[in-house]
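Student: A structural model of the following input is requested.
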Amino acid sequence: MLTLKKILLEDLRQYVEIAYKGDDDLLLHYWGTDLNLQEAVDLTMSLIEQVDKEVPVDYYAVESEEQEIGYIVKFPNNLYSFSININYRAKENLICFWELIKEVMEDGFICMLYPQNSRAIKWLQKCDMKIVEGVKQELITLIKV
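Tutor: The predicted structure is shown next:
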């Protein structure tokens with residue numbers, strides 16, 4: 001069973017690193033370049049810190065039996081960043097992870113992803129999110145109503 005714990009921005013880095021660790025496909029393809037783990041974590045944190053300066057952002061640690069496995073970052077009506085460690089992506093955990101996301105997001109929300117993040121896009125579509133065309137040119141926008 002997965003659980004959430006609200007955390008501060010200062011604590012987020014360790015959860016991003018845990019979520020990305022061991023996921024070679026993510027490191028090779030997500031950003032469209034070949035990044036190492038530290039570079040991917042640094043880039044993720046840099047983007048999140050930029051958003052944090054503009055809007056109120058909430059941060060959550062995802063845990064499995066008190067083991068830290070990932071994170072969720074959201075601001076009103078926007079699922080901004082999320083991941084759990086590849087070793088915890090069994091079907092049951094992914095279903096639970098989606099339920100946790102819906103819980104923190106409350107009502108309808110969007111998620112904007114880079115097109116190369118095809119795994120996350122496909123997963124969100126399996127979770128009944130729909131792609132909306134024409135919102136922002138270089139991003140894939142999915143909506144949950």
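Student: just the strands in this protein please.
Tutor: Counting by DSSP state E, one finds strands in the chain at the ranges 2-7, 58-64, 67-75, 78-84, 109-113, 130-132, 140-144.
Student: these: lowest mean pLDDT?
Tutor: Mean pLDDT values for those show the minimum at strand 140-144, a mean of 79.
Student: got the angle between that one and strand 109-113?
Tutor: In terms of direction (axes from the mean of the first three to the mean of the last three CA atoms, to 10 degrees), strand 140-144 departs from strand 109-113 by 160 degrees.
Student: the nearest residue to Leu4 once chain neighbours are set aside: what's it in contact with?
Tutor: With sequence-adjacent residues excluded and distances taken as CB to CB, 6 or more residues apart in numbering, Leu4 is closest to Tyr60, at 4.6 Å. Backbone N, C-alpha and C define where each C-beta goes, glycine included. The contact partners of Tyr60, taken as CB atoms under 8 Å, 6 or more residues apart in numbering, are 4-7, 71-74, 100, 104.
Student: would CSV of the residues you listed with neighbour count and distance to Ala90 be doable?
Tutor: CSV is the format used below for these (neighbours: other CB atoms under 10 Å; distance: CB to CB, whole Å):
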residue, neighbour count, distance to Ala90
Leu4, 16, 18
Lys5, 13, 21
Lys6, 11, 25
Ile7, 17, 24
Tyr71, 27, 18
Ile72, 26, 18
Val73, 24, 23
Lys74, 21, 24
Leu100, 18, 15
Val104, 16, 21
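Student: format these as JSON lines; extra columns: distance to Gln50.
Tutor: Output for the contacts of Tyr60, formatted as JSON lines (distance: CB to CB, whole Å):
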{"residue": "Leu4", "distance to Gln50": "24"}
{"residue": "Lys5", "distance to Gln50": "24"}
{"residue": "Lys6", "distance to Gln50": "21"}
{"residue": "Ile7", "distance to Gln50": "19"}
{"residue": "Tyr71", "distance to Gln50": "17"}
{"residue": "Ile72", "distance to Gln50": "18"}
{"residue": "Val73", "distance to Gln50": "12"}
{"residue": "Lys74", "distance to Gln50": "15"}
{"residue": "Leu100", "distance to Gln50": "25"}
{"residue": "Val104", "distance to Gln50": "21"}
